[in-house]
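# Return atomic coordinates for the entry below.
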Amino acid sequence: MNPSSHPNRLLASAAFALAACLFAAAQVNAQAGTQDTSATAAAVHGLSQSQVIARYGEPLKRHAAVPAQGEPPKPPIIRWDYADFSIYFEKSIALHRVEHGKFPPQ
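A predicted model of the protein is given here:
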């Protein structure tokens, strides 16, 4: 092996390692939007309706509890719509936050 080529190989290896790290960091940043969404969705779980209002303000629309085939809802599931998401409640406790338009159209 030529001794003068050894530093070049070392430099090339270091450059490749740096590129791989930058690529991995870019992938993490690209996925951050999805992770932020799920983190936000998880952040509402267990909040009361008054806590949701304190965090997001009044909803654009409040839907009545969904009945189970004409019977009283057991348990009542309620949906509040905001501009970009909806929050689902069981009785008065938040279950999920669902972002609008995050899934491909059917």
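
# use CA for all of it now, contacts and neighbours both
Will do.

# Just after the lowest-mean-pLDDT helix or strand in the chain, pick out the following helix or strand.
None of the helices or strands of the chain scores lower by mean pLDDT, DSSP states H and E than helix 5-44, at a mean of 51. Where DSSP states H and E defines the elements, the next helix or strand beyond helix 5-44 is helix 49-56.

# Helix or strand next in line after that following helix, which one?
Following helix 49-56 in sequence, per DSSP H and E, is strand 61-62.

# Which residues outside that following strand are in contact with it?
For strand 61-62, the surrounding residues in contact (Cα atoms under 8 Å, 6 or more residues apart in numbering) are 78-82.

# From these, pick the one nearest Arg55.
Among these, Tyr82 lies closest to Arg55 (Cα to Cα), at 12.1 Å.

# How about the contacts made by that closest one?
59-61.

# in the sheet, who's paired with Tyr88?
Taking DSSP bridges as the rule, Tyr88 bridges to Arg79, His96.

# I'd say Val66 and Ile77 touch.
Yes. Using Cα atoms under 8 Å, Val66 makes contact with Ile77 at a distance of 5.7 Å.
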